Every structure is written in structure tokens, then in C-alpha cells.
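# structure of the sequence below:
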Amino acid sequence: MQKLDMQMPFSDTYNGVCFTTKRDGSDFLGNLKTHIKIEEFIPSDYRRAYYKDTGRPRGYKLESFLWFLLLQKIIGVFCDSTFLLIISICRELREFCGFDDVPDADKITRFRQTFANHMELMFQNMVDATEPLCRELDPKKADYLIYDTTGIEANVKENNPKFLRGKLNQAKKIAKGNPEVNPHFLAYGLMPETAEANPFVKQQYINGCFCYAHKVGILTNGLGIIRHIALFDEHFRKNHPEVVSKKTDNPELDKEIADSVSLKPVLSDFFEAHPHFSFKTFLGDSAFDSYDTYKMLRHDFNFDRFAIPINPRNSDSAHTHFDENGTPVCPIDKTPFIFNSICRGENRSERFKFVCHKSVPVTKEKSCTCDTPCTDSNYGRCVYTYPDKDLRLYPGIPRGSQHWDNLYKHRVLVERTIYILKYPLGVDMRKSFSVRTAKADIFIAGMAQLIGVMLASAVNNTKFFKSIRKLIAT
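Purely as a prediction, here's the structure:
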């Protein structure tokens, strides 16, 4: 086949780019101006706080600052000074925001930090506005509620790889000559729980690595549209002191305790902000697998189904032999086990402990005297039963079925939404150590996604309702 060597003239390329930029830019900004009335979502308290008499009149409109921050997320220029430069040379963007002259970067920073809490109320108004749109898009998936937590990495010295390396070298010196000491576990113990620059930047174990970050809880529906954001800041911890968990020697366990404890207060705040909302299906990972969680979801929040995988660490055992009273029996001679105690613990369900009748006390421990033991443990078989275990075994949908598998696949949507917030919308790019700045950034990013949903519905292009960038490109 003959190879064609054709090259487009530079003039044609230049004219094509100019035409496309002008066409798409005008359409996008025009659609925003026509269909998104941002003033309708600004709470009255927000407006009063911004325009209150301070002795000096505001030089810029509230809507101008909000559009600046939203366009910054949508376009993807996350440095304030860089985007201010773009605004200064682009008349179309400047007029759209309503700037007669371009503000200084420090005014943008002060706006974020001063009105972060008000942005949360504005975000909630947008959630109310987009809920009917989600129900129209897919009533079934819009009825799913999915929860997960993440961390927004902060710009603190503890996130420098040299900091962890220094702690590890310190642990290796301590463990030198003592093979029983694991220097990596020791290094974990030497790391501070909070960053020195900000005590609310907590040590976290995310995706297999340590970091110091702002902890955030995210709720989405089955469409991947964000429904709630909870930053675990000072205000949240003051209202919900139960979210503060004790550090253990296991980073994975620390992470799961924090996730499971945060679930109830996050759901409480969500339904308090949106009392008319109702969801029947809850999805979460195995960190939420406890009997108390299922009872809470059913009785406190009226969920009918719970797609939560069984966590082996929270299971009683593989024992399946019980008598008519629910007492475990020996799988060999059917003799009932002996009740030992009621076990309770932080973040654990109440459980009854039974031990094999052939386990006899030896000093402070027990020893199995069975000739044909059914376990490798010297202690003998130990079985835990739970007062209310039906909800866990039968969570409104048969475990292991195709229906269960298809439903649980939707849980990944909350992780995809977190990814969109952190990277395409730039929340994790700024790396601020300020809690108020991080809070403003995460809520502005959430509002940017919801604007994409409203715009896609308004222009009848719901194919790209989750990605405002793709919506711009069409």
C-alpha cells in the first residue's frame, strides 16, 4: 500500500483551534449563564455574612468569587495566581465572573478561609436541587447510598519521605541486636498522631502507605453523584466526640475503627440536612461489618438492604453446630459447650463466649483434653455467638448470589467520585495545611460536580452528567 505523506498547513491548524476554542468556550459559558443561576443556591446567611457592614464596602460581588473558584475547578488550573493571570488576559472569563478588575491572590485565600462553613450550606442546597434529577436519571441506582472515607494530603513536614525515613532509621538503631523487635512496627509507634503545624491533620494509613491528611467522609448515590461531604474538623469532632478513636499497634485496624465509628454521625448529619431524603439500600466495604452497624442502619435510618461483605476478623467462627437453644455443641459427640463470658469491646458487638466442655483450666489458661480434637488450638474450640446476628447473615439480599454481586459492584462508584474530587477537580493538588482552606476546596469541588449534573440535564446531554470536562468538550 502506498504511504500518503500529507501534512496540514500551520495556518489551517491555527484557524481550526481558534474556531473550536471560540465555539466551545462561548457555548459552555453561555450555557452556564443561561441554565445555572448560582444566586439561587446561596443561603441568606451566607449573603448576610458576606455583605455585613464592616466599615468598608465589598469591592467584589459574592457571585464573582464563587464563579472564580468554580471555574478554577472546572477548567483545572489550581494555582490561584495562575488562574488570576488567565482571568486578567481573558476578557470573556473576566466578564463572566463579573470582575471589573482582577483581585489579588490573598483576597481569594481569605475568601476561602472566611466562608468555608457557608460553602457547606450552599453545597447542601445544590444537593437538594440535584436529587430529583438523579431520581429521573435512574430511580433504582439513585436509591443506593454508598459511604467511604478518604484523606486530603496536607503540606506538612511529616509528609516528607525524609521524615519517615528518619523514624525508620531511629527504630532500626533501637532494634539493633534484638531480633524480636520489628523496626517497621516500632517506627509506626514513633510517628506522631498529628502534624506539628496543625493538630487536626491526622496520621492516616491510605492505600498501603502512611500520610498526614485531613480526614473526609463521602456519601454518593448509585450513580456516583456526591450527596454529602463531612470533613472531620474541630466542629465535627466537637459535635461527635465518638469519632475519636485510640491509636493501636495496627495501622489497618486504626483505619477500620475510624471508618466504622464515623458512619453513624455522618449519616445523622446527612439526614438532618436533608430530612425529606430516603434511601433503601446501603453499600459499604467490610470495615462496616459489625452487628451493631446493621441494627443501626435498619432501626435508625430505615435501610432495607445492606451490601456489606463479611469481615473474617469480625466473624464468630466456622462452627455451625447448635442445639435448639442456640448453644454451640461439640461436632463429634453433640455435647453442649460451656458458657464462659459476655465479651464487650470498643467498636465491637456484644458477644457470648462458649468453650469446649473438654477444655480444662491449667494455671491461668485452658488446655484441651479431647482425644480427637476438632481444632489445632491447645486452648480448645472457642465459639462466639451474637444476640442479633440475623441482619448480618441475611441483610435483605442473599449473600453470594448473582444479585448480591451485581449490587455490590456499585460500591466502587464512591471511590471513583473520590478520585474525581481529588485529581480532576484538584482537591489533592493544593495540599494546604489549613483546615478551612481544605474544607472550602472540597465543597467547591463537590459543587462543581453538581453543576455538571444540572447542566447536563438542562442541555439534554445526560451521557456526561458525571464529567463536566467531557460535557464542555462535546
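
# hey, let's count contacts and neighbours off CA atoms from now on
Will do.

# against residue 70, how distant is the most centrally placed residue in the chain?
Centrality entry for the chain: nearest residue to the mean C-alpha point is residue 149, 3.0 Å, by CA atoms, centre = their mean. Here the criterion is CA to CA, to the nearest Å. By it, residue 149 lies 23 Å from residue 70.

# cool, residue 407 as well?
33 Å.

# got it, and residue 128?
19 Å.

# now residue 278
Using CA to CA, we find residue 278 at a distance of 29 Å from residue 70.

# looking at these two now, which is surrounded by more residues?
Set residue 278 next to residue 70 and count neighbours by other CA atoms under 10 Å: residue 70 wins out with 22 against 14.

# tell me the contacts of the more buried one?
When contacts are counted by CA atoms under 8 Å, 6 or more residues apart in numbering, residue 70 is found next to 444, 445, 447, 448.

# for the residue nearest to the centre of the chain, name its beta-bridge partners.
Residue 149 has these beta-bridge partners by DSSP bridges: residue 217.

# my guess is it meets residue 218, correct?
Yes. Using CA atoms under 8 Å, residue 149 makes contact with residue 218 at a distance of 5.9 Å.

# give me phi/psi at residue 194?
phi -130, psi 160 (degrees, to the nearest 10).

# tell me the contacts of it?
Residue 194 makes contacts with 200, 201, 202, 203, 212, as judged by CA under 8 Å, 6+ apart.

# chain neighbours aside, what residue packs nearest to it?
residue 202 (4.5 Å; CA to CA, 6 or more residues apart in numbering).

# my guess is residue 210 meets residue 204, correct?
Yes. Counting by CA under 8 Å, residue 210 touches residue 204, with 5.7 Å between them.

# those two: who's more crowded?
Higher neighbour count among residue 210 and residue 204: residue 204, with 24 against 17, using other CA under 10 Å.

# point out where the stretch 201-350 of the chain drops to low pLDDT.
Counting by pLDDT under 70, the stretch 201-350 of the chain has low-confidence residues at 244-258, 313-320, 324-326, 345-350.

# and the helices in it?
234-239, 251-273, 291-299 (DSSP state H, counting those that start in this stretch).

# can I get the ones you listed in JSON lines with distance to residue 454?
Converted to JSON lines, the helices of the stretch 201-350 of the chain look like this (distance: least, CA to CA, whole Å):
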{"stretch": "helix 234-239", "distance to residue 454": "29"}
{"stretch": "helix 251-273", "distance to residue 454": "20"}
{"stretch": "helix 291-299", "distance to residue 454": "30"}
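
# can I get these in CSV including distance to residue 440 and mean neighbour count?
Shown next, in CSV, are these (distance: least, CA to CA, whole Å; neighbours: other CA atoms under 10 Å):
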stretch, distance to residue 440, mean neighbour count
helix 234-239, 14, 13
helix 251-273, 18, 18
helix 291-299, 30, 18
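
# for residue 82, which of the ones you listed is the nearest?
When the helices of the stretch 201-350 of the chain are compared by CA to CA, helix 234-239 sits nearest residue 82, at 31.4 Å.

# helices and strands around the closest one, which ones?
Helix 234-239 is packed against no helix or strand, with contacts defined by 3 or more CA pairs under 8 Å, 6 or more residues apart in numbering; DSSP states H and E.

# that helix: how far from the chain's middle?
Centre-to-centre, helix 234-239 and its host chain are 17 Å apart (CA atoms, centre = their mean, to the nearest Å).

# same thing with stretch 159-179?
Centroid separation for stretch 159-179 versus its chain: 31 Å, with CA atoms, centre = their mean.

# who's in contact with it?
157, 158, 181, 182, 183, 184, 186, 187, 190, 191, 211, 212.

# what about these, which are in helices?
Judged by DSSP state H, the contacts of stretch 159-179 include 183, 184, 186, 187, 190 as members of helices.

# where is pLDDT lowest across those residues?
Here the lowest pLDDT out of these sits on residue 184, with 83.

# gap between the residue nearest to residue 194 and residue 148?
Counting by CA to CA - residue 202 and residue 148 are separated by 17 Å.

# surely residue 217 meets residue 231?
Yes. Residue 217 is within contact range of residue 231, at 6.4 Å (criterion: CA under 8 Å).

# of the two, who's got more company?
residue 231 (24 against 20).

# can you pull the contacts of the more buried one?
By CA under 8 Å, 6+ apart, the contact list for residue 231 reads 214, 215, 216, 217, 439.

# excluding chain neighbours, what is closest to the second one?
Nearest in space to residue 215, with sequence neighbours left out and distances taken as CA to CA, 6+ apart, is residue 151 at 4.6 Å.

# what's near enough to touch that neighbour?
Taking CA under 8 Å, 6+ apart, we find residue 151 in contact with 204, 206, 213, 214, 215, 216.

# report the beta-bridge partners for the third one.
For residue 213, the beta-bridge assignment (DSSP bridges) gives partners residue 153, residue 202.

# can you give me the distance of it to residue 37?
34 Å.

# which one's more surrounded, those two?
Shown here are residue 213 and residue 37; by other CA under 10 Å, residue 213 has more neighbours (30 against 11).

# does residue 302 touch residue 280 like I think?
Yes. Under the criterion of CA under 8 Å, residue 302 makes contact with residue 280 at 7.0 Å.

# more neighbours, these two?
residue 280 (17 against 14).

# contacting residues for the nearest residue to the more buried one once chain neighbours are set aside?
Here the nearest residue to residue 280 in space, its sequence neighbours aside, is residue 303; by CA to CA, 6+ apart that works out to 4.4 Å. Counting by CA under 8 Å, 6+ apart, residue 303 makes contact with 279, 280, 281, 282, 297.

# what's the closest of those to residue 398?
Of the contacts of residue 303, the one sitting nearest to residue 398 (CA to CA) turns out to be residue 281, at 13.7 Å.

# check the burial of the closest one by counting its neighbours.
23.

# distance check, it against residue 217.
In this view, residue 281 and residue 217 are 18 Å apart by CA to CA.

# and for residue 292?
20 Å.

# related to what we said a few turns ago, what's the closest of the contacts of residue 70 to residue 426?
For the contacts of residue 70, the nearest to residue 426 is residue 445 (7.7 Å; CA to CA).

# for the closest one, what are its contacts?
Residue 445 makes contacts with 70, 73, 421, 425, 426, 427, as judged by CA under 8 Å, 6+ apart.

# can you redo the ones in helices among the contacts of stretch 159-179 as a markdown table with distance to residue 356 and neighbour count?
Output for the ones in helices among the contacts of stretch 159-179, formatted as a markdown table (distance: CA to CA, whole Å; neighbours: other CA atoms under 10 Å):
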| residue | distance to residue 356 | neighbour count |
| --- | --- | --- |
| 183 | 39 | 21 |
| 184 | 38 | 15 |
| 186 | 37 | 18 |
| 187 | 40 | 19 |
| 190 | 41 | 14 |
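
# which residues in this protein form strands?
144-153, 202-206, 209-221, 226-231, 281-283, 305-307, 338-345, 348-355, 359-362, 365-368, 382-385 (DSSP state E).

# and the second one with strand 209-221, angle?
The reference is to strand 202-206. Counting by axes from the mean of the first three to the mean of the last three CA atoms, to 10 degrees, strand 202-206 lies at 80 degrees to strand 209-221.
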